[in-house]
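*Asks:* Sequence and predicted model, in that order:
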Amino acid sequence: MSERLQKDATQADGAGVRSPIPYKWLLVIFLVATCLRLGFMLRYTPVISGDGCEYIRMGMQIRDGKPLTGNFDWPETMYGTLYPILIAGVSKLGLAAEASAYLLSLVSGVVLIWVAFLLARYVYGERTAVCAALLFASFPLFIGLSGSVFNESIYLTLWLSGIYWGIRAIDSFLLRDFLLTGFFFALSTLSRPEAFAYPLFFAVTAVLVGVLRKIQWSRVLSGSMALLSVWFLLMIPYVLFEHRHTGHYRFEGKWNVNYTLGERMDSSMTYFQAGFGLDNNLHLVGPLLDSSLYAAYTPYPHALHDELNYFAHRIHRDWPDTYAIVTSVDLGGPALYLLVVLGLFGSAWSVQRLRHEYILAVMALSIIVVMVTSANLEDRYLYPLPVILLLWAAAGIDKLADWARRTVASWSESLRPASELAGPVCAALVCAVLLVFSAVGTRTEPGFHMQREGFLGVKQAGLWLGRNTPKSAPIAAFEGRVAYYANRTLIILPYADSSTTLSYLVSKHVQFVALDNLHAATMPTIGQWYLHGIPDPRARLVYQTTQGSEDCIRIYSLGAPQTTGQLAGSSGVKE
């Protein structure tokens, strides 16, 4: 029995002939991947993403020994804490917080290629592993994530590492593999709280596989308990943090926020009205106006049948958009899915291969479930899916290259020497089609688009506010990056009528209001104020941006004292 377990743990299945490659070529792949990511970072990210600003600000607070908050005036219970902790740790070494965040994204993106290589080699063999490394290194979506400040750059690497060690654990039932599975999924959960379900899935799968393979119960139970125990121990500090600020022991702070948001959207509200609504009594009825308030509270019934009904509504609402996103050219269009089918069914499955594909399929399906049940579906929820799809596509490319090689060799004896080139040429052509499709789609991806030069006005306005306003004064805006660049506390502009909004800002002691034209159509009061000014005798226009073409900012003072000679009246606004 032990010999068979060891063989299962160390030998990949379904790979056919394993052809060793010079590892110097892997080094070349990593170097090229690093250059591509650095190039993207330097060329396409002059402005940090919205979520990136929040994570960096959280990291700065941790580094400086302050309470864990971000740009807002409440404890940050919704965002994962791992990325800001890492930012704080690296910045302690002397790097600026922004540079630390970019470095972490870059390193994580390159490490993702290595983890994909290891997993593909373990499941499919050496040739497929090389194809996987090439795909992950050159896939536009992953280049963009590694060159930007997105939490997904950290999460995807940890998530795939957990999958890799989870597959090994269920093959080997070695304690080390279970411990590493729990370790990486704990870090994944600390990065994105929705990963909390994966440790339980692997523990249950280990029990089922152990029964089917007649593994000793002591090994099955000790492995499953080790996985869950490591995960739980690493989660304890986060659970205590959530309890301190919500009054409940919980592994995440998103569910009630999203549940409230989804229920409000189901009552025919727009996303902005549902998320940022403020009633006439200045009650924060929109959960995104203070996510810490709704982390452990929802005004809607939440018995089991209520939550099941909620999921049914979300699936009905989100399924068409989910289908459109999954089949979009962002992932490579039909070229990707043809390769996926070929990779999955191009060779017979042994029992071990069945186990591996079952796990990978559940991982992919879990992303679809997250998308179709989300309160507000965003393109970035898709990002983990291509991690699995590209593994299957790499197997498909290997099968296609082998078919081209054998086909050319069968035509004529004189073509046999040339047949060795047929495989790589065929694989290169298919990869080129896949990457071109993906590059076209990624160019318009909202998260990447909002980092480009057209949004430099956001950064310009924030830096101006930081130079010319009291440090203790909160600012009101809907574009959160303005507050980040100003290093000021953000009060989110609510979805409410003009007089209610003004009363709310007064109650929050706001002195400066930053209005952006990008949200003028979706937030009526912002639109009215941006076009016609704030209807208050104290309000005066003191600044408007001159850089950027996508999002122009106008800053109003609400009776604040003039702090420098640079402040100008509305008749002569200048930087």
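*Replies:* Happy to help now that I have it.
*Asks:* Which secondary structure state is assigned to T77?
*Replies:* Per DSSP: H, G, I helix; E, B strand; the rest coil, the local secondary structure of T77 is coil.
*Asks:* again, but for I534
*Replies:* Reducing the assignment to helix, strand or coil with three-state DSSP, the entry for I534 is coil.
*Asks:* Mind listing the residues bridging to the closest residue to it other than its chain neighbours?
*Replies:* Closest residue to I534 apart from its sequence neighbours, by CB to CB, 6 or more residues apart in numbering: Y556 at 5.2 Å. All C-beta atoms are positioned from the backbone trio N, CA, C, and that covers glycine. With beta bridges defined as DSSP bridges, Y556 has these partners: V513, L541.
*Asks:* what about Y556, neighbour count?
*Replies:* Y556 is flanked by 24 other residues according to other CB atoms under 10 Å.
*Asks:* My understanding was that it contacts F512; is that so?
*Replies:* Yes - in this structure, Y556 is within contact of F512 by CB atoms under 8 Å, at 7.0 Å.
*Asks:* who touches both of the two?
*Replies:* Listed contacts common to Y556 and F512 are V542; contacts here mean CB atoms under 8 Å, 6 or more residues apart in numbering.
*Asks:* which one's the longest helix in this structure?
*Replies:* Assignment by DSSP state H gives helix 217-246 as the longest helix of the chain.
*Asks:* So which bits of that one are buried?
*Replies:* 219-220, 223-224, 226-228, 230-231, 234-235, 238, 241-242, 245-246 (16 or more other CB atoms under 10 Å).
*Asks:* Max pairwise distance over these: which two?
*Replies:* Using CB to CB, the two most remote members of the buried residues of helix 217-246 are R219 and H245, lying 40.2 Å apart.
*Asks:* Let me see the contact set for G286.
*Replies:* Shown here is G286, whose contacts under the criterion CB under 8 Å, 6+ apart are L261, R264, Q273, A274, G275, F276, G277, L278, P494, Y495.
*Asks:* and what of S292?
*Replies:* For S292, the set of contacting residues under the criterion of CB under 8 Å, 6+ apart consists of W74, P75, E76, T77, M78, H245, T246, G253.
*Asks:* One more: F40?
*Replies:* I143, G144, S146, G147, S148.
*Asks:* Could you single out the nearest of the residues you listed to R481?
*Replies:* S148 (13.3 Å).
*Asks:* Could you report the distance from the closest one to F142?
*Replies:* To F142, S148 is 11 Å away according to CB to CB, to the nearest Å.
*Asks:* how about the spatially most central residue of the chain, what does it touch?
*Replies:* Centrality entry for the chain: nearest residue to the mean C-alpha point is E152, 3.1 Å, by CA atoms, centre = their mean. Shown in contact with E152 (CB under 8 Å, 6+ apart): L145, R192, R380, Y383, P384.
*Asks:* I'd assumed the third one was in a helix, is it?
*Replies:* Think R380. Yes - the secondary structure assignment for R380 places it in a helix, going by three-state DSSP.
*Asks:* what are the ranges of the strands in the stretch 351-500 of the chain?
*Replies:* According to DSSP state E, counting those that start in this stretch, the stretch 351-500 of the chain carries its strands in the segments 475-477, 490-492.
*Asks:* counting contacts, what elements does the last one pack onto?
*Replies:* With contacts defined as 3 or more CB pairs under 8 Å, 6 or more residues apart in numbering; DSSP states H and E, the secondary structure elements packing on strand 490-492 are strand 475-477, helix 480-486.
*Asks:* Go ahead and name everything in contact with that strand.
*Replies:* Taking CB under 8 Å, 6+ apart as the rule, strand 490-492 contacts 71-73, 276, 288-289, 474-478, 480, 482-483, 505, 508, 510.
*Asks:* ok, of those residues, which come out buried?
*Replies:* A residue is treated as buried here by neighbour count (16+ other CB under 10 Å); on that basis the buried members of those are 71-72, 276, 288-289, 474-478, 480, 482-483, 505, 510.
*Asks:* Nearest to S412, out of those residues: which one, please.
*Replies:* When these are compared for distance to S412 (CB to CB), G480 wins out at 65.0 Å.
*Asks:* looking at it, that closest one is touching Y55, isn't it?
*Replies:* No - with contact taken as CB under 8 Å, G480 and Y55 are classed as non-touching, separated by 11.8 Å.
*Asks:* As a check, name the ranges of all helices in the stretch 201-350 of the chain.
*Replies:* Here the stretch 201-350 of the chain has its helices, by DSSP state H, counting those that start in this stretch, at 217-246, 255-266, 271-276, 291-294, 304-326, 333-345.
*Asks:* how distant is the first one from the center of its chain?
*Replies:* Translated: helix 217-246. In this view, helix 217-246 has its centroid 23 Å away from the chain centroid, taken as CA atoms, centre = their mean, to the nearest Å.
*Asks:* Now do that helix: which elements does it pack against?
*Replies:* Packed against helix 217-246 by the contact rule (3+ CB pairs under 8 Å, 6+ apart) you find helix 175-191, helix 198-213.
*Asks:* between these, which gets nearest to A401?
*Replies:* Taking CB to CB as the criterion, A401 comes closest to helix 175-191 out of the helices and strands packed on helix 217-246, the separation being 31.4 Å.
*Asks:* list the buried ones in the closest one?
*Replies:* 177-191.
*Asks:* could you say what helices and strands it packs with?
*Replies:* Applying 3+ CB pairs under 8 Å, 6+ apart, one finds that helix 175-191 makes contact with helix 82-91, helix 151-172, helix 198-213, helix 217-246.
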